[in-house]
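Engineer: I need the structure of the sequence given here:
(chains A, B, C and D)
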Protein chains: 2
Amino acid sequence: MLTIGNLAKKTGTKVQTIRYYEQIGLMPEPGRTAGGQRRYGEDELDRLAFVRHARQLGFTLEAIRELLDLSDEPDRSCENADAIARRQLRQVEQRIARLEALRTELKRMVRECAGGQTADCRVLEVLRDHSECLTDHDEIGA
Amino acid sequence: MLTIGNLAKKTGTKVQTIRYYEQIGLMPEPGRTAGGQRRYGEDELDRLAFVRHARQLGFTLEAIRELLDLSDEPDRSCENADAIARRQLRQVEQRIARLEALRTELKRMVRECAGGQTADCRVLEVLRDHSECLTDHDEIGA
DNA sequence: CTTGAACCTCTAGCAGCTGGAGGAGGTATC
DNA sequence: GATACCTCCTCCAGCTGCTAGAGGTTCAAG
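Structural biologist: Below is the predicted model of the structure:
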């Protein structure tokens, strides 16, 4: 039986985060000691590891919820899980493409900085003059 | 003189966002009509365009605040602006590297999905078994 | 002068946590 | 059995960067 602190250590999660997952229903309510402290078993450890791994892969908590539901029904088709993973892959690829455009522009800004005074600073100038850039990469929400 | 709605249109910003920027001190308090509606001039248009452009490049509002301060003092050295841009570039590059690692792993997951039942689903299996992965890319905060 | 769009303020909410206050539980040692 | 000390508990507030809605006012066109 693991305390919440030990579970946190084993999975590289913060204690607060585990309680948060419980609160939003991503983790089950665990057993408690007489004094009211949470105690966890192997099942919970596995589940949390799954969640954390999926988070590291960038899945949203909602997507993870779906994946957990799927993995609770071993007889169902794999298609759904596959679709979720593909969607995630597409999103990652979009983000990479956007970031690469940003990188290009940032590199240009930095390269052209002559190290003079801010009045002539390319960095500031580029930011001021929107027309110099490729415009259509809408980061911001990324 | 621009209404907030027109300013929003010209800069591709939402009205609410402009008011939010004012609230956090990123945009100045503009003049008002007798009835209390905001009216903007060229200065504010330029400033907002600067902010939006920097946001599209992924700068945080804090970084933008610094850049705005710098560009208000044309005599100061360009070094600071350059440092901020370089920092941003580094961050973008790190994010790209992380996302590329994720892409690799997601591709592997998806490629190996045989389309069977969830009991044998590679997608779920990979998420369950942490040992199969390269571990050290800690997305999550990205 | 009337209409209707655009404006106003204020509050609350989103994701995904993180941190702190103030207090109780658990365990090792004396 | 007492003491010390760490971990645990709940509850609430805050972070970034907006976005949405309620409920009411102003402005410009016709």
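
Engineer: helix/strand/coil for the spatially most central residue of chain A?
Structural biologist: Compute the mean C-alpha point of chain A, and by C-alpha atoms, centre = their mean the closest residue is A:Gly58, 3.8 Å away. Three-state call for A:Gly58 (DSSP: H, G, I helix; E, B strand; the rest coil): coil.

Engineer: against A:Gln88, how distant is it?
Structural biologist: For A:Gly58, the distance to A:Gln88 equals 6 Å [C-beta to C-beta, to the nearest Å]. No exception for glycine: its C-beta is placed from N, CA and C like everyone else's.

Engineer: just A:Arg65 next, same as before
Structural biologist: Going from A:Arg65 to A:Gln88 by C-beta to C-beta gives 14 Å.

Engineer: now A:Gln94
Structural biologist: From A:Gln94 to A:Gln88 the distance is 11 Å (C-beta to C-beta).

Engineer: comparing the two, which residue is more hemmed in?
Structural biologist: A:Gln88 (23 against 12; other C-beta atoms under 10 Å in any protein chain shown).

Engineer: right, and A:Leu48 touches A:Thr11 too?
Structural biologist: Yes. Shown here, A:Leu48 and A:Thr11 form a contact pair, counting by C-beta atoms under 8 Å, at 5.0 Å.

Engineer: dump the helix-or-strand element of chain A with minimal mean pLDDT to CSV, keeping only the CA atoms.
Structural biologist: Across the helices and strands of chain A, mean confidence by mean pLDDT, DSSP states H and E is lowest for helix A:122-128: a mean of 83. Extracted in CSV, the C-alpha atoms of helix A:122-128 (Å, rounded to 0.1, in the frame of the first residue of the first chain):
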residue,chain,number,x,y,z
ARG,A,122,16.1,45.0,-35.9
VAL,A,123,14.3,43.0,-33.3
LEU,A,124,12.1,45.9,-32.4
GLU,A,125,11.8,47.0,-36.0
VAL,A,126,10.6,43.7,-37.2
LEU,A,127,8.0,43.5,-34.5
ARG,A,128,6.8,47.0,-35.4
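
Engineer: and that helix, does that touch chain B?
Structural biologist: Yes. Judged by C-beta under 8 Å from any C-beta of the partner chain, helix A:122-128 and chain B are in contact via A:Val123, A:Leu124, A:Leu127, A:Arg128.

Engineer: how far away is the last one from B:Asp46?
Structural biologist: Just to be clear, that refers to A:Arg128. A:Arg128 sits 7 Å away from B:Asp46 when distances are taken as C-beta to C-beta.

Engineer: same check on the first one?
Structural biologist: Spatial separation of A:Val123 from B:Asp46 under the definition C-beta to C-beta is 16 Å.

Engineer: ok, the two, which is more surrounded?
Structural biologist: A:Val123 (26 against 14).

Engineer: list the contacts of that one.
Structural biologist: If a contact means C-beta atoms under 8 Å, 6 or more residues apart in numbering or on different chains, then A:Val123 has A:Met109, A:Val110, A:Cys113, B:Leu67, B:Cys78, B:Ala81, B:Asp82, B:Ile84, B:Ala85 as its contacts.

Engineer: for A:Gly12, give me phi and psi.
Structural biologist: Reported as degrees, to the nearest 10, the phi and psi values for A:Gly12 are phi 60, psi 40.

Engineer: the residue nearest to it when sequence neighbours are not counted: how many residues sit nearby?
Structural biologist: Once flanking residues are discounted, A:Gly12 sits nearest to A:Arg52: 6.6 Å by C-beta to C-beta, 6 or more residues apart in numbering or on different chains. Neighbour count of A:Arg52, defined by other C-beta under 10 Å: 19.

Engineer: check A:Arg52 and give its pLDDT.
Structural biologist: Looking at A:Arg52, its pLDDT stands at 94.
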